[in-house]
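# got a predicted model here, sequence first, then my questions.
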Amino acid sequence: MLPGNLISTNAVFVSSLNFHVEAITSVRYSFFDRDAFNEQLSTNPSLMRDLVKYCLLEKEETDELATNLGQRRAEERIAWLILFLRRRIEARGMVRDQSFPFPLRQQHIADATGLTAVHVNRVLGALRKDGLVGISDGMLKIGDLAGLQRLAYLI
């Protein structure tokens, strides 16, 4: 999750979710009254359109993740994850000189890519060696954006 994200659009419609969220950085969060929000949806077509757009984006991201987990090699999965996060962080104006905050630990990357932490360590080492990425002090720097995109099959 990034600042301003809903944890899940499902939360608008159901009272409990079938997953948990763990904060790995300091966070601020707020709750909303579901009934009051649903009342707003019924009287505010613009809000309803925004929610539908967010639902569709969430589904698209889920589809991409399923493809990533089911059809890509470890290197491609991690490259895809880095580019996915870069795209989302860039939309918030937080990418500078191909560098952005990256508080994820190897276990987080492993969880997100369906790999073991040991395998993530090997892949990150290879990506560093190839000059594609560098991670230091909670920042990730992309050294070769086109190369990383080729690896993730995005170009």
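Received the coordinates, thanks.
# what secondary structure does the spatially most central residue of the chain sit in?
The residue lying closest to the centre of the chain (C-alpha atoms, centre = their mean) is Leu85, at 4.8 Å. Assigned by DSSP: H, G, I helix; E, B strand; the rest coil, the conformation of Leu85 is helix.
# next, the contact list for the residue nearest to Arg105 when sequence neighbours are not counted, please.
Closest residue in space to Arg105, ignoring its immediate chain neighbours: Ile24 at 7.6 Å, by C-beta to C-beta, 6 or more residues apart in numbering. To be clear about C-beta, it is placed using only N, CA and C from the backbone, and glycine gets the same treatment. Contacts for Ile24 (C-beta atoms under 8 Å, 6 or more residues apart in numbering) come out as 103-105, 108.
# top of those by neighbour count?
Leu104 (20 neighbours; other C-beta atoms under 10 Å).
# how about that residue: what's its closest non-neighbour residue?
Closest residue to Leu104 apart from its sequence neighbours, by C-beta to C-beta, 6+ apart: Ile24 at 7.0 Å.
# from Ala146, how far off is the residue nearest to Arg105?
29 Å (C-beta to C-beta, to the nearest Å).
# equivalent analysis for Leu41, please.
42 Å.
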